[in-house]
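Asks: Quick one, fold the following:
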Amino acid sequence: MKILFLGDIVSKVGRDIIFTYLDKIKEEEGIDFTVVNGENSAHGKGITHKIYERFKSWGIDAITLGNHAFSKKEIIDHLDECPDLIVPYNYPSGRENRQRVYEINGLRLCVANILGSAFMMENTMSAFEAMEEILYKYDADLYLVDLHAEATAEKILFGHHFSKQLIATLGTHTHVQTADERLIDGMAYISDVGMNGVYDSIIGRDIEEMERAMIKGEKTRFTLGEGPGILCAVVVTVDEQTKRATAIKRLQIRPENVV
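Replies: Here you go, the predicted structure:
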């Protein structure tokens, strides 16, 4: 079994680059199941019902979120129409029990979404407590987790702590792809899958605006970067007999003429 996981999608540029390459990647890699993190897919913050439907029409199976899950309030009114929208389990909204179990090749795969604790103000319980509850509540053969967290150390600790119970711990949120993909006790791990969005930006935002805000202390708007996009993803291979991950492959497609 091969699972494709695409990191944080930021704005239309992120959506467009996925649309451009998704079918090609799925065919070349022999993908059985596709997950994307869509929490920033609507103009850099949140997701809309229309974008959810577009992702589904492209053959995306599950869409995870993060701390900006409900930045676009209209999605709340459409949650019942979005069964494959995975809300972080420990998001303080009362909607946290939106993890999903899918059947793939005769195996039950639980796709879970959890917020980290360090430097994250939105969660209501620790990532470790949330994972324990998910393992108890959701009966599955395989567990894949989108760990939406800021601190690399927390992600690595989480991966080691649950390595024998999960087939993948895939980090999101920081938008910069890390080169630490590895297998831990038959679990695929990476600290951050990376961003799908404008390559020449500050994690998706306009560089000059960020300079004015962080260096000059100016009050600025949330202006997105402009230009060609970068695609970041991983492919996780799972042995269906042992129910353990056997490989994790990092993918990155940069704009042409960029080294």
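
Asks: State which helix of the protein is the longest.
Replies: helix 11-29 (DSSP state H).

Asks: what's in contact with that helix?
Replies: Outside helix 11-29, the residues within contact range by CB atoms under 8 Å, 6 or more residues apart in numbering are 2, 4, 6, 8-9, 31, 34, 36, 40-44, 51, 54, 58-60, 195-198, 204, 224-231, 233, 235, 249, 251, 253. Heads up, the C-betas are built off the backbone N, CA and C, glycines and all.

Asks: next helix or strand past it?
Replies: Downstream of helix 11-29, the next assigned helix or strand under DSSP states H and E is strand 33-37.

Asks: pLDDT on the helix or strand just after that next one, on average?
Replies: Per DSSP H and E, the first helix or strand lying C-terminal to strand 33-37 is helix 49-57. Helix 49-57 carries an average pLDDT of 97.

Asks: Which of the residues in helix 49-57 are classified as buried?
Replies: 49, 51-52, 55-56 (16 or more other CB atoms under 10 Å).

Asks: Need the CA coordinates for it. PDB is fine.
Replies: Output in PDB follows, covering the C-alpha atoms of helix 49-57 (Å, rounded to 0.1, in the frame of the first residue of the first chain):
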ATOM      1  CA  HIS A  49     -16.700  24.200   1.300                       C
ATOM      2  CA  LYS A  50     -16.000  25.000  -2.400                       C
ATOM      3  CA  ILE A  51     -12.300  24.200  -2.000                       C
ATOM      4  CA  TYR A  52     -13.100  21.000  -0.100                       C
ATOM      5  CA  GLU A  53     -15.400  19.900  -3.000                       C
ATOM      6  CA  ARG A  54     -12.600  20.800  -5.500                       C
ATOM      7  CA  PHE A  55     -10.100  18.600  -3.600                       C
ATOM      8  CA  LYS A  56     -12.500  15.700  -3.600                       C
ATOM      9  CA  SER A  57     -13.100  16.100  -7.300                       C
END
